[in-house]
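[1] Need a 3D model of the following:
(one chain, ligands or ions: 1)
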Amino acid sequence: MQLLDGKALSKTIQKEIKTAVEQRIQEGKKRPHLAAILVGTDGASQTYVGHKVKMCKAVGFQSTLLQLESDTSQADLIKHIQQFNENEDIDGFIVQLPLPKHIDVNTITEAIDYQKDVDGFHPQNIGRMAQNSPCFLPATPAGILELLARNKIETSGKECVVIGRSNIVGRPMSLLLSRNNYPGNCTVTLCHSRTQDLAVHTRRADILVVALGKPEFITADMVKEGAVVVDVGITRVADASRKRGYRLAGDVKFDEVAPKCSYITPVPGGVGPMTVIMLLLNTLRASDKE
Ligand code: GUN
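    Numbering: from 1, shown residues only. So this is what the prediction gives:
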């Protein structure tokens, strides 16, 4: 069994981005600039956005964080988005999800200029992704592709099972792994909450991507010997023995599943660090447009 070490790979790519930024500065170009909008006080979202801002600094990007009250109206949020769309100094920006219930996520996603949509959530980017045209790929699926590619994992003709059909992970992942490309060319099955007898599907998987948000749901009996297992889940589970009162758990029971795998991502340190780094790569590309 080999670990798909997202922490180590993200550090390698971080250095590559830093070097690219230094080169741009030497050529007299501006620093790439990523902005983020955070609505409300969700603890996990605050942590994620804080990490994105920290990583911007580490690679030499400029960053802007706009924090808005939880009762911000949809109209006001759209006004802020339009200001970011028009601000020529901002290369790319994100609106951190989830949003408060009174705000419609699709309306917000469509208000973002797709050329600054470094999350890759705008219909223009999703449509282009489905067409295999140049676009911003959503960060989590893109990070998984990078983990597979840089570990030279064969994907062509493999049975791939994706669990979870969210717009930001499962659905794009299923499209990307079925593309006529590397990594891709898999036979993809997309499982979700209405799938009957999930284990029948997971046991057939050469590559299993799990994104359902249920801690330690995937057990050894559900996994094929020699499978590649990618665990996207990251849930805070109460743990009184930890100083912060919780631990981070993946969707896979790592200790019992890992011995059966050819490759597996740990949680934390697998997919998570890759997600942030792919967002930075998208921002670097967005800044190249000038
Ligand atoms: N919430 C969870 N993952 C993401 C992400 O990749 N982008 C944004 N904007 N919000 C998220």
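[2] nearest residue to Glu256 other than its sequence neighbours?
    Ala220 (4.2 Å; CB to CB, 6 or more residues apart in numbering). Where you see a C-beta, it was placed from the backbone N, CA and C, and this is true even at glycine.
[3] Hmm, that neighbour is touching Ile264, no?
    No - with contact defined as CB atoms under 8 Å, Ala220 and Ile264 do not form a contacting pair (11.6 Å).
[4] Next, the buried residues of the host helix or strand of Val200.
    Using DSSP states H and E, Val200 sits within helix 198-202. Buried residues in helix 198-202, counted by 16 or more other CB atoms under 10 Å: 198, 201-202.
[5] can you put those residues in TSV and add distance to the ligand?
    Shown next, in TSV, are the buried residues of helix 198-202 (distance: CB to the nearest ligand atom, whole Å):
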residue	distance to the ligand
Leu198	23
His201	25
Thr202	23
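[6] sorry, back to before: could you check how many residues crowd around the residue nearest to Glu256?
    Ala220: 15 surrounding residues under other CB atoms under 10 Å.
[7] residue contacts, it?
    253, 256-257, 259-260 (CB atoms under 8 Å, 6 or more residues apart in numbering).
[8] mind checking how far it is from Val229?
    Going from Ala220 to Val229 by CB to CB, to the nearest Å gives 11 Å.
[9] same question, Cys261
    With CB to CB as the criterion, Cys261 and Val229 are 5 Å apart.
[10] which neighbours do those two share?
    Counting by CB under 8 Å, 6+ apart, the residues touching both Cys261 and Val229 are Val223.
[11] what about these two, which has more around it?
    Val229 (28 against 23).
[12] list the contacts for the residue of the chain found nearest the ligand?
    The ligand sits closest to Leu97 of the chain, with a gap of 3.7 Å, by CB to the nearest ligand atom. By CB under 8 Å, 6+ apart, the contact set of Leu97 is 45, 105, 168.
[13] Read off the pLDDT value for the second one.
    The pLDDT attached to Val105 in the predicted structure is 97.
[14] Quick check: closest non-adjacent residue to it.
    Leu99 (5.6 Å).
[15] Counting neighbours, what do you get for that neighbour?
    23.
[16] That one against Ile108, yeah?
    Yes - between Leu99 and Ile108 there is a contact under CB under 8 Å: 6.5 Å.
[17] Need the overlap of contacts for the two.
    By CB under 8 Å, 6+ apart, the residues touching both Leu99 and Ile108 are Leu77.
[18] sorry, back to before: between Ala220 and Val229, which contacts overlap?
    Val257.
[19] related to what we said a few turns ago, what is in contact with Ala220 and Ile264 at once?
    Val257.
[20] which parts of the stretch 101-250 of the chain sit against the ligand?
    Contacts of the stretch 101-250 of the chain with the ligand, taken as CB under 6 Å from any ligand atom, map to 119, 139-140, 168.
[21] Out of these, the closest to Ile13 would be?
    For these, the residue nearest Ile13 by CB to CB is Ala139; the value is 12.2 Å.
[22] So what's the residue count around the closest residue in space to the closest one that isn't next to it in sequence?
    Using CB to CB, 6+ apart and skipping residues adjacent in sequence, the residue nearest Ala139 is Met278, 4.1 Å away. Residues lying near Met278 (other CB under 10 Å) number 25.
[23] now the strands for the chain?
    2-3, 33-39, 62-68, 92-95, 159-163, 187-191, 207-210, 228-231, 235-238, 246-249, 263-264 (DSSP state E).
[24] which of those strands is buried the deepest?
    strand 207-210 (a mean of 28; mean count of other CB atoms under 10 Å).
[25] before we move on, the earlier item: dump the residues of the stretch 101-250 of the chain next to the ligand into JSON lines; add pLDDT and neighbour count as well.
    Below are these laid out as JSON lines (pLDDT from 0 to 100; neighbours: other CB atoms under 10 Å):
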{"residue": "Asp119", "pLDDT": "98", "neighbour count": "24"}
{"residue": "Ala139", "pLDDT": "98", "neighbour count": "26"}
{"residue": "Thr140", "pLDDT": "98", "neighbour count": "25"}
{"residue": "Ile168", "pLDDT": "95", "neighbour count": "20"}
